[in-house]
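>>> no sequence on this one, just coordinates:
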């Protein structure tokens, strides 16, 4: 494929670099569209609809060509190159590019940090740590168990696969929020701990000289034992909170990070790439990648 040594918008005539006005108009439009918010890809798609090619070989426009055009200082006027756009326009466009790149990186890093807080290995319960391979557009983020003695340490899960699985599970819940509801406490089996705590409470209640604090302590101890023995803790209020989060939940291919923070207690990853999310009301949902 031939290379274009003279930047788009120029030609050499009579030994001097001159502007091709039809191409210069394209350049000005590219800078204008980018400053207004269009991405490199969006701009290149629009250019491919025009009867103007980037080079004589007829190659299509792409986002890399547009990016290089935005970064090319020659368009401001550089040595033998006459000015196509004002210096202010060039500075503004590149300022926008730097800001978009920074914001995009910040948001991505923030998402990774938030996921890192709730990701656990389903084998040993250790934290999942992230690693990366490749550079630039080929860079990939992976998660793996932080415990080198665990079987999960040998396996890695692509972050995009994790994001997609979590999004699918949340979308499923959004379709039918009734699946998140839990039943109320169904009782407990009395054991020696319960009997002993009940006897202690009865003894202190029958003691006219017992201190109020001692009575309260015995009541709370008995209540705590019974609650821990309860087969299904009453999470009705928590379930209602989760349900409210889904009233206006925006279903998408990427999970809403605010929802993840609000309702998910932990996300477990197994070596066979099964994703398990545990909600704050103890309900568990699974999906295999």
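Alright, I've got the coordinates. Everything numeric here is computed off the predicted structure, so don't read it as measured data.
>>> which residues of the stretch 51-200 of the chain fall in helices?
With DSSP state H, counting those that start in this stretch, the ranges of helices along the stretch 51-200 of the chain come out as 63-71, 74-77, 87-118, 159-175, 192-206.
>>> for residue 269, find the nearest of these.
When those are compared by C-beta to C-beta, helix 159-175 sits nearest residue 269, at 7.2 Å. All C-beta atoms are positioned from the backbone trio N, CA, C, and that covers glycine.
>>> circling back: out of the helices of the stretch 51-200 of the chain, which one sits most buried?
helix 74-77 (a mean of 20; mean count of other C-beta atoms under 10 Å).
>>> just to revisit the earlier point, can the helices of the stretch 51-200 of the chain go into JSON lines with extra columns for distance to residue 28 and mean pLDDT?
Listed next are these as JSON lines, based on distance: least, C-beta to C-beta, whole Å; pLDDT from 0 to 100:
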{"stretch": "helix 63-71", "distance to residue 28": "11", "mean pLDDT": "93"}
{"stretch": "helix 74-77", "distance to residue 28": "9", "mean pLDDT": "94"}
{"stretch": "helix 87-118", "distance to residue 28": "8", "mean pLDDT": "81"}
{"stretch": "helix 159-175", "distance to residue 28": "37", "mean pLDDT": "90"}
{"stretch": "helix 192-206", "distance to residue 28": "80", "mean pLDDT": "83"}
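>>> of the ones you listed, which is nearest residue 240?
In terms of C-beta to C-beta, the element of the helices of the stretch 51-200 of the chain nearest to residue 240 is helix 159-175, at 14.0 Å.
>>> who's in contact with that closest one?
Helix 159-175 is contacted from outside by 112, 115, 119, 130, 140-143, 179-180, 246, 249, 251-256, 259-260, 267, 269, 273, 275, 277, 285-287, 289, using C-beta atoms under 8 Å, 6 or more residues apart in numbering.
>>> same check on stretch 66-85?
Residues contacting stretch 66-85 (C-beta under 8 Å, 6+ apart): 7-10, 16-19, 24, 27-28, 30-31, 34, 40, 43-44, 47, 86-87, 90, 93-94, 97.
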